[in-house]
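> A predicted structure for the sequence below; I have some questions about it.
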Amino acid sequence: MAFTGSDSKSGKMSVGNSETGLAVVVGAGPVGCLAALALAKEGWKVALYEGRSAQRSVNLAISSRGLAAIYAVDPPLMERIIHDAIPMKGRMLHTTDGKTESQLYDRNGQCINSIDRGLLNEFLLQEAVDFPTIDVYFRHKLVTANFDARTLTFFSEEKNQNVDICFDLCMGTDGSYSNVRRQMMRVTRMDYQQEYIPHEYVELKIPAGTDETGQPSFLLDPNHLHIWPRHSFMLIALPNKDKTFTATLFAPTCVLEPIDTTDKAAAWFSEYFPDALRLIGEKKLLNDFEKNPRGSLISIKAMPYHYKDRCIILGDAAHSMVPFYGQGLNCGLEDVRVLINIMRSEGAIHPRKRATGEDVDEPLERAFKRYSETRHEDLVAIRDLAMNNYVEMRHSVTTPSYIFRKTVDNLFAALTAPYVPFSSLAPRLAREDGGFPIYAAKGWLALYTMVTFRPDISYATAKKKVERQSTIITGLGFVSAGVVGITVCLAGVRMILGLRK
Ligand SMILES: Cc1cc2nc3c(=O)[nH]c(=O)nc-3n(C[C@H](O)[C@H](O)[C@H](O)COP(=O)(O)OP(=O)(O)OC[C@H]3O[C@@H](n4cnc5c(N)ncnc54)[C@H](O)[C@@H]3O)c2cc1C
Ligand SMILES: NC(=O)C1=CN([C@@H]2O[C@H](COP(=O)(O)OP(=O)(O)OC[C@H]3O[C@@H](n4cnc5c(N)ncnc54)[C@H](OP(=O)(O)O)[C@@H]3O)[C@@H](O)[C@H]2O)C=CC1
Ligand SMILES: Nc1ccccc1C(=O)C[C@H](N)C(=O)O
């Protein structure tokens, strides 16, 4: 289901300040849909506004954090999503001479999951559309907001005019170029930083093959995320249910720009990605490379995320990050779980009618403030980790020091860290105050495991813990070098003394 049809599920226009309190969610991407569902299940009347009529269908990796957040709101929905996803147990590295090497993500075999983003959005949106106290309005674009008067102005494409909506609570889930965020900046002292990295991306498609029986089949192992690391750039591919792969080339603009003719492109791909060129087919690859849009990559930092008791931004609107950890959406979905848990613990979750003359809902304001203050370091941590993972994926994975570190991490983890399965984490996280931690981050844990498979460990805790572990490894390195040095010296002294005798 795309965002088509009438402007609204019900055809009626929302009016705010009803007995139940109206929450207006701006942007029906995955984060907006989950936020709408979470609020509605807590008793809010929700109006979900979406500017567009369709979402682009590309695939993405959903992992434990995103799944735990969906589970917290709607466990059966999470099951349906997993059912339609393809598990990927590790990276499959492709060298220029056509060799492949599998590197597992987790020593306990945990997987990340490839799913069509359009399908994921569709699942979440359908739940929202079907929910009795959620009204969904398509082709309504937020134009401006007056937070003090508690009104939002949308441009309705169907009416071809602006409509004003009153609200009690506004959630901005309108993506990287958020207008809610821009409107909030007019009334609050928001620190804001955005950074474009000098790399861009272009999507390509690896077609399905055919098996002996004539049925479509995967041309590469579907249970891996494939990467072609080439140091300053890389190609990746994630599997789709129709047996194709969506491949994405990430490279600096200064590398891509000079490749401006078909001949140059053919030569470049056959030098760096000969096997991918063969799989995609030269004609198709060169055509897609030339015609497909080039996406830019942006990283956004903001603080605070809220204004008083009435507006808060979540998802990419609050923290767009480069996609290299596959955590952008997972983190956005986790925002919803963390915020709802904080709202619960502050007694702010249930919509209440403010008394006459009372302007501010104090528990709600307290909850938003606590969210801004406590969530910030996690969002900064994952933003930085995402940036670092690009270097790991395109370069470090091929180096002996990376393999050595992975081996040490696995060895120490096997000796010290208990395995905490997702099935025991998800139900408890759904109830936890603020979301972290349930189990202390016990024992030695690899960074990837913490970030991807341990939603009970916050991003900031994971980053700090791994920094401590790195210091220990460096210390052990010095001690070992010292022991080897002393042993060699002693052996030398003994030899000299022996010679003198
Ligand atoms: C190449 C690439 C690969 C990625 N891979 C992964 C991955 O593997 N795993 C992962 O977790 N994340 C991944 N991400 C990140 C992920 O796509 C985003 O984090 C996610 O889509 C953010 O969801 P959102 O709901 O916050 O925002 P969006 O998905 O951007 O949704 C925002 C919605 O708001 C609507 N909107 C915008 N402005 C207005 C307005 N003024 N009025 C009304 N509506 C409005 C938009 O139309 C849109 O529907 C990737 C990103 C990229 C670029
Ligand atoms: N961190 C990153 O580097 C990136 C993150 N993403 C995230 O993934 C989400 C979905 O991706 P995708 O569907 O490809 O997103 P799109 O780039 O197609 O756009 C998503 C939304 O952002 C708006 N938008 C896009 N570019 C601009 C711009 N330059 N100025 C103002 N508004 C803009 C679009 O408005 P309209 O509908 O009017 O075109 C739309 O509402 C994005 O919204 C973003 O949150 C996407 C790309 C890179
Ligand atoms: N989905 C992505 C999109 C773009 C770039 C990377 C990813 C990843 O998921 C990377 C994965 N987490 C990895 O570390 O191998």
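On my side now, so go ahead. Ligands and ions are numbered 1, 2, ... in the order given.
> return stretch 350-369 as PDB; C-alpha atoms alone will do.
Taking C-alpha atoms only, stretch 350-369 is exported to PDB below (Å, rounded to 0.1, in the frame of the first residue of the first chain):
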ATOM      1  CA  HIS A 350      -1.800   9.700  29.700                       C
ATOM      2  CA  PRO A 351      -3.300  12.600  27.900                       C
ATOM      3  CA  ARG A 352      -5.000  14.900  30.400                       C
ATOM      4  CA  LYS A 353      -7.100  17.900  29.900                       C
ATOM      5  CA  ARG A 354      -5.300  20.900  31.300                       C
ATOM      6  CA  ALA A 355      -7.200  22.900  33.900                       C
ATOM      7  CA  THR A 356      -8.600  26.300  32.800                       C
ATOM      8  CA  GLY A 357      -5.700  28.800  32.800                       C
ATOM      9  CA  GLU A 358      -3.100  26.100  33.100                       C
ATOM     10  CA  ASP A 359      -0.800  26.500  30.100                       C
ATOM     11  CA  VAL A 360       1.900  23.900  30.700                       C
ATOM     12  CA  ASP A 361       1.500  20.200  31.400                       C
ATOM     13  CA  GLU A 362       4.300  19.800  33.900                       C
ATOM     14  CA  PRO A 363       4.800  16.000  33.900                       C
ATOM     15  CA  LEU A 364       5.100  16.100  30.100                       C
ATOM     16  CA  GLU A 365       7.600  19.000  30.100                       C
ATOM     17  CA  ARG A 366       9.600  17.100  32.700                       C
ATOM     18  CA  ALA A 367       9.600  13.900  30.600                       C
ATOM     19  CA  PHE A 368      10.700  15.800  27.400                       C
ATOM     20  CA  LYS A 369      13.400  17.600  29.300                       C
END
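> centre of the chain to that stretch, how far?
Centroid separation for stretch 350-369 versus its chain: 31 Å, with C-alpha atoms, centre = their mean, to the nearest Å.
> mean confidence for it?
Per-residue pLDDT over stretch 350-369 has a mean of 82.
> stretch 466-474 too?
Averaging pLDDT along stretch 466-474 gives 93.
> which SSE is immediately downstream of the regular element (helix or strand) spanning N287?
Following DSSP states H and E, the helix or strand that holds N287 is helix 282-291. Scanning forward in sequence from helix 282-291, with DSSP H and E defining helices and strands, the next element found is strand 295-303.
> what about the helix or strand that comes right after that following strand, average pLDDT?
Going down the chain from strand 295-303, the next helix or strand is strand 306-307, by DSSP H and E. When pLDDT is averaged along strand 306-307, the result is 98.
> elements contacting strand 306-307?
Applying 3 or more C-beta pairs under 8 Å, 6 or more residues apart in numbering; DSSP states H and E, we find strand 306-307 packed against helix 362-394. (C-beta placed from N, C-alpha, C; glycine too.)
> is the lengthiest strand in the chain up against ligand 1 anywhere?
Among all segments of the chain classified by DSSP state E, the strand with the greatest residue count is strand 191-206. Yes: Strand 191-206 lies in contact with ligand 1 when judged by C-beta under 6 Å from any ligand atom; the contacting residues are Y201.
> how far does that strand sit from its chain's centre?
The gap between the average C-alpha position of strand 191-206 and the chain average comes to 14 Å, counting by C-alpha atoms, centre = their mean.
> which elements pack onto it?
Where contact means 3+ C-beta pairs under 8 Å, 6+ apart, strand 191-206 is packed against strand 245-252, helix 253-256, helix 274-280, helix 282-291, strand 295-303.
> does any bit of the second one sit next to ligand 2?
Which is helix 253-256. No: contact between helix 253-256 and ligand 2, assessed by C-beta under 6 Å from any ligand atom, is absent, since the two come no nearer than 13.7 Å.
> and if you look at the last one?
Yes: Strand 295-303 reaches ligand 2 (C-beta under 6 Å from any ligand atom) through G295, L297, I298.
> now the helix holding N287: mean pLDDT?
In this model, helix 282-291 has a mean pLDDT of 96.
> what angle separates the biggest helix by length in the chain from helix 362-394?
Taking DSSP state H as the assignment, the helix of the chain that covers the most residues is helix 459-500. Here helix 459-500 runs at 40 degrees with respect to helix 362-394, directions being taken by axes from the mean of the first three to the mean of the last three C-alpha atoms, to 10 degrees.
> restrict the residues of strand 295-303 next to ligand 2 to contacts with ligand 3.
The subset of the residues of strand 295-303 next to ligand 2 within reach of ligand 3, counting by C-beta under 6 Å from any ligand atom, is empty.
> picking that back up, so the longest strand of the chain versus helix 362-394, what angle?
Taking the same axes, to 10 degrees, one finds strand 191-206 and helix 362-394 inclined to each other by 50 degrees.
> direction included, what does strand 191-206 pair against?
Neighbouring strands of strand 191-206 in its sheet, by DSSP bridges, are strand 245-252 (antiparallel), strand 295-303 (antiparallel).
> okay, now the unreliable bits of the stretch 51-200 of the chain?
When the per-residue scores of the stretch 51-200 of the chain are filtered using pLDDT under 70, the ranges that remain are 54-57.
> name the residues of it found near ligand 2, please.
Proximity of the stretch 51-200 of the chain to ligand 2 is confined to G51, R52, R56, G175, S176, Y177 under the rule C-beta under 6 Å from any ligand atom.
> can you select the buried ones from the residues you listed in PyMOL?
Under the burial definition 16 or more other C-beta atoms under 10 Å, those of these that qualify are selected in PyMOL by:
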select buried, resi 51+52+175+176
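> so of the residues of the stretch 51-200 of the chain next to ligand 2, which ones are in strands?
Per DSSP E, the subset of these in strands is empty.
> turn the residues of the stretch 51-200 of the chain next to ligand 2 into CSV, columns for distance to ligand 3.
Converted to CSV, those look like this (distance: C-beta to the nearest ligand atom, whole Å):
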residue, distance to ligand 3
G51, 25
R52, 22
R56, 14
G175, 17
S176, 15
Y177, 20
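> for the residue of the stretch 351-500 of the chain found nearest ligand 1, give its distance to A40.
For the stretch 351-500 of the chain, the residue positioned closest to ligand 1 under C-beta to the nearest ligand atom is A386, at a distance of 9.4 Å. Remark: distance between A386 and A40 (C-beta to C-beta, to the nearest Å) = 31 Å.
> quick check: which of the helices and strands packed on strand 191-206 is buried the most?
With neighbours taken as mean count of other C-beta atoms under 10 Å, the helices and strands packed on strand 191-206 reach their highest mean count in strand 245-252, at a mean of 21.
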